[in-house]
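S.K.: Provided below are the primary sequence and the corresponding predicted coordinates.
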Amino acid sequence: MRKIDEDTITQAVIARHAAASDARLREVMTSLVQHLHAFAREVKLSEAEWFAGIRFLTEAGHITDDKRQEFILLSDTLGLSTLVTALNHKKPAGCTEATVFGPFHVEGAPHYALGADVANGAKGEPCFVNAQVRGLDGTPVAGAEVQVWQADADGYYDVQRAGDDTHRARGVLHTDAAGRLHFRSILAEPYPIPHDGPVGRMLDHLGRHPWRPAHLHFMITAPGYERLITHVFREGGRYLDADAVFGVRASLIADWVRHEPGTAPDGSHSAVPFYTLDFDFVLNPETTR
């Protein structure tokens, strides 16, 4: 096609996709082109604005590495991550809700025995977590793999601390025969997502803050059940109604109960105040699709 203009370009691009061997790829790319072109027409996108967008994406690529995922931050802050999660994780009533994955999960976290201190020196007030994993029918899920990770009291995940490759406030545990899980960590605190890059500048220009409410990440996998990626949020904390990444669900908010110094749940003596969190997870049975 030689006569390309603003009225013919969209169909010309779509026509080039006709030979795609993957039907789903063709469907997705066709819709993407249609919406992208419609967006440009709707806002009357200028060349300067187009170039600013290209520069933004380039900067996001440059700042992304194995410890920081700027594109996930972008997806999170635009609500796309939550939308995709909601579309793909519709669950029966009674199942624990899923929420965003976030950019700070890493492979190769250390494995711990039940009752261990996964904080591993991370800064924060002591917190003892007790949970049970069960199926929708109430059956305890024994041997489920539970990955946990969280920020420290300064608002940083271990992977954000330059020059220190030690995993802290992060670990992998397995439920016992009764589906139970317990470990020691630190109190969850609100923290800002990384905002020293292009996503942070975008939020600033939009008059938005970068803060997330206090939470603890969980990823639970077990044979016969759908994988669950979720958070547990701290009741009473700031930003529950203004999460920068739109991840809060009412069913995922729980009490972190404060206790005065004394005997901790693991039988040790705590010379400082400590917290306890009790939360049960209900997995959705895996179905054949």
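M.R.: Okay, I see it.
S.K.: how much space between R16 and I4?
M.R.: According to C-beta to C-beta, to the nearest Å, R16 and I4 sit 12 Å apart. (C-beta placed from N, C-alpha, C; glycine too.)
S.K.: ok, now L181?
M.R.: According to C-beta to C-beta, L181 stands 60 Å off from I4.
S.K.: which of the two has more neighbours?
M.R.: A side-by-side neighbour count of L181 and I4, using other C-beta atoms under 10 Å, places L181 first with 24 against 10.
S.K.: surely that one is in a helix?
M.R.: No - the assignment for L181, made by DSSP: H, G, I helix; E, B strand; the rest coil, is strand rather than a helix.
S.K.: residues contacting it?
M.R.: L114, V129, N130, A131, Q132, V133, V146, L173, T175 (C-beta atoms under 8 Å, 6 or more residues apart in numbering).
S.K.: chain center to the longest helix along the chain, what's the gap?
M.R.: In the chain, taking DSSP state H as the definition, the longest helix is helix 23-43. Relative to the mean C-alpha coordinate of its chain, helix 23-43 is positioned 27 Å out (C-alpha atoms, centre = their mean, to the nearest Å).
S.K.: which positions in it come out as buried?
M.R.: Judged by neighbour count using 16 or more other C-beta atoms under 10 Å, the buried positions of helix 23-43 are M29, T30, V33, H37, A40.
S.K.: tell me which of these is nearest to W256?
M.R.: Lowest distance from W256 to the buried residues of helix 23-43 (C-beta to C-beta) belongs to M29, with 45.7 Å.
S.K.: burial measure for the nearest residue to that closest one once chain neighbours are set aside, as a count.
M.R.: Setting aside the residues directly before and after it, M29 is nearest to H17 in space (C-beta to C-beta, 6 or more residues apart in numbering), at 5.6 Å. Other residues near H17 number 14, with proximity taken as other C-beta under 10 Å.
S.K.: cool, S268 as well?
M.R.: In terms of burial, S268 registers 12 neighbours under the definition other C-beta under 10 Å.
S.K.: endpoints of stretch 37-57, how far apart?
M.R.: Counting by C-alpha to C-alpha, to the nearest Å, you get 18 Å between the two ends of stretch 37-57.
S.K.: run the chain-centre distance for that stretch.
M.R.: Taking C-alpha atoms, centre = their mean, the mean C-alpha location of stretch 37-57 is offset from the chain mean by 29 Å.
S.K.: can you list contacts of that stretch?
M.R.: By C-beta under 8 Å, 6+ apart, the surrounding residues in contact with stretch 37-57 are E6, I9, T10, V13, P198, M202.
S.K.: give me the element the third one is part of.
M.R.: The reference is to T10. Under the criterion of DSSP states H and E, T10 resides in helix 9-16.
S.K.: buried sites along that helix?
M.R.: Buried residues in helix 9-16, counting neighbours by 16+ other C-beta under 10 Å, are found at T10, V13, I14.
S.K.: cool, stretch 117-127 as well?
M.R.: So for stretch 117-127, counting by 16+ other C-beta under 10 Å, buried means D117, V118, A119, N120, A122, G124, E125, P126, C127.
S.K.: next one: stretch 52-64
M.R.: Of the residues in stretch 52-64, A60, I63, T64 count as buried by neighbour count, 16+ other C-beta under 10 Å.
S.K.: can you put the residues you listed in JSON lines and add distance to V272, pLDDT and secondary structure?
M.R.: Rendered in JSON lines, the data for the buried residues of stretch 52-64 read as follows (distance: C-beta to C-beta, whole Å; pLDDT from 0 to 100; DSSP: H, G, I helix; E, B strand; the rest coil):
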{"residue": "A60", "distance to V272": "41", "pLDDT": "97", "secondary structure": "helix"}
{"residue": "I63", "distance to V272": "38", "pLDDT": "96", "secondary structure": "helix"}
{"residue": "T64", "distance to V272": "38", "pLDDT": "95", "secondary structure": "coil"}
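S.K.: for T10, which non-adjacent residue is spatially closest?
M.R.: Nearest in space to T10, with sequence neighbours left out and distances taken as C-beta to C-beta, 6+ apart, is H37 at 4.5 Å.
S.K.: which regions of this protein lie under the pLDDT threshold?
M.R.: Counting by pLDDT under 70, the chain contains low-confidence residues at 1, 288-289.
S.K.: if we go to 80?
M.R.: For the chain, the stretches flagged by pLDDT under 80 are 1-2, 162, 288-289.
S.K.: now the helices for it?
M.R.: Remark: helices assigned in the chain by DSSP H are 9-16, 23-43, 47-63, 70-77, 80-88, 198-205.
S.K.: out of those, which comes closest to Y225?
M.R.: Where the helices of the chain are weighed against each other on C-beta to C-beta, the nearest is helix 80-88, at 15.6 Å.
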